[in-house]
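K.L.:
My questions are about this predicted structure, shown below with the sequence.
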Amino acid sequence: MEATQKTRSNAIIQLEKISVFQHHVLILADVSLFIGRGEFVYLIGPTGSGKSSLLKLMYADLPAVDGFAQVAGYDLRKIKQKQVPFLRRKIGIVFQDFQLLTDRTVNENLLFVMRATGWNNKIDIKQRSIEVLDMVGLSDKGNKMPNQLSGGEQQRVAIARALINHPEVILADEPTGNLDPNTSEDILKVLLNISQTGTAVLMATHDYSLFKRFPSRTLQIEDGRLLEKSDSQ
């Protein structure tokens, strides 16, 4: 019991025997996983296998049923609705379709999130905008509109936005799904670099070529179960 408690205290994500339901339909059963600080982990499986549902559970968009579920220090079995925004400030979420505000510049997209999450000091806002854009290689794109950027650059902005609040983990849901192979590789390298700074990254993908070229720990969803994929598989 003592060892289990220690593991839980050191985890960014700790799930033990969780069931995942969507619209009262069981999507995944008996899910257990541990992700520690600075880990880069792939979550693989075909479209419709439950990857997005599992990520939604982690940011409290779907309920955690049964077992134990803790993300960034929050117990997902007990979390209250008013606590969810605070959980999500500890999580950076990156989607396949970028979800940028198309009528605002890159800097204004970042500012929108900062204002919504409690930033109000203009000097701090400017400094953090510079930092996150530099982290994704877009230090010269702050005044551009989204439609002036390539798909890969727009996804980099989305990653910069996810980094604003110094998250403990990035949940990336098919972040390369709309990108060509070379651009996908560039985005993957950005996420790998982020994990090396101490922020854990869980990347859902069905692009098997990526994790073959850039091997890392891999979790696989198969027939409603989450399995640890060994290097030999």
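P.N.:
Yep, it's here.
K.L.:
Run through the strands of the protein in chain order.
P.N.:
11-22, 25-36, 40-44, 64-65, 68-71, 74-75, 91-94, 169-173, 200-205, 217-222, 225-229 (DSSP state E).
K.L.:
Rounded mean pLDDT for stretch 215-233, please.
P.N.:
For stretch 215-233, the mean pLDDT works out to 84.
K.L.:
same check, this time on stretch 131-143
P.N.:
For stretch 131-143, the per-residue pLDDT averages 96.
K.L.:
buried residues in it?
P.N.:
Neighbour counts over stretch 131-143 (16 or more other C-beta atoms under 10 Å) mark Val132, Leu133, Met135, Val136, Gly137, Leu138, Lys141, Gly142 as buried. (Glycine included, C-beta is placed from N, CA and C.)
K.L.:
Roughly how far does the residue nearest to the fifth one when sequence neighbours are not counted sit from Leu163?
P.N.:
Read that as Gly137. With C-beta to C-beta, 6 or more residues apart in numbering as the criterion, Gly137 has its nearest non-adjacent residue at 6.4 Å, and that residue is Arg156. Plainly put, Arg156 is 11 Å away from Leu163 if you go by C-beta to C-beta, to the nearest Å.
K.L.:
list residues touching both of those two?
P.N.:
Overlap of the contact sets of Arg156 and Leu163 (by C-beta atoms under 8 Å, 6 or more residues apart in numbering) consists of Val136.
K.L.:
The two: who's more crowded?
P.N.:
Shown here are Arg156 and Leu163; by other C-beta atoms under 10 Å, Arg156 has more neighbours (25 against 22).
K.L.:
Distance check, that one against Val106.
P.N.:
For Arg156, the distance to Val106 equals 9 Å [C-beta to C-beta].
K.L.:
next one: Ile13
P.N.:
30 Å.
K.L.:
and what of Gln81?
P.N.:
For Gln81, the distance to Val106 - C-beta to C-beta - is 32 Å.
K.L.:
do Leu54 as well
P.N.:
30 Å.
K.L.:
again with Gln127
P.N.:
16 Å.
K.L.:
Among those two, which residue is more densely surrounded?
P.N.:
Val106 (26 against 11).
K.L.:
Which pLDDT value goes with that one?
P.N.:
97.
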